[in-house]
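Participant: have a look; sequence and predicted model below, questions after that.
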Amino acid sequence: MSSLKQLEANRLNAQKSTGPRTGAGKAAVRLNALKSGIDAEAEIITGEDPAKLESLVADYHHRFDASTAERRALVDTLVHCEWTLRRLRRAEASLWRFATMETTRRINSNEHPEGRVLDVRSREFERLQRRINATQRNYQLALKQLETLPLPDDQPESNE
């Protein structure tokens, strides 16, 4: 158990640790909670164009009727999955580039760079592929559910 003296010292130290105060400081730590692009929770992360996401949303809403809450939720799932798949594809390409550079620096020979990359980074590629597979399954499931929902004007009329 902490003594009163330790508690008071902790309180005083906590007053000094209030986080960034300037705009530059806040910008620098804005994405600290983001572990990696693979695990991103945000719709837009650094390097992505918000206009491309808006265009994707417009394309899907034009293609599918999202006039009911259920249909809108499924269309939103399709958009999210498609956006995530695009991100994961970029992440895979980036991982290949990074790992190839890294292995070339460590090993003087440039023979078989793909094999070395897969040998050294197999866990990362497996993790990435699991995420791609799960996202593709979610997309297919949402698409199938959306296709089975009746359109709003297909609803049976009530005979009152």
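Facilitator: Okay, I see it.

Participant: regarding this structure, what is its longest helix?
Facilitator: Looking across the chain with DSSP state H, the single longest helix is helix 69-106.

Participant: helices or strands next to the very next helix or strand once past that helix in the packing?
Facilitator: Of the helices and strands lying after helix 69-106 in sequence (DSSP states H and E), the nearest is helix 113-148. Helices and strands touching helix 113-148, by 3 or more Cβ pairs under 8 Å, 6 or more residues apart in numbering; DSSP states H and E, are helix 69-106. For the C-beta atoms, the positions are set from N, CA and C on the backbone; glycine is no exception.

Participant: in the helix it packs on, which residues are buried?
Facilitator: 71, 74-75, 77-85, 87-88, 91-92, 95-96, 99-100, 103 (16 or more other Cβ atoms under 10 Å).

Participant: tell me how far it lies from the chain's centre.
Facilitator: In terms of Cα atoms, centre = their mean, to the nearest Å, the centre of helix 69-106 is found 7 Å from the chain centre.
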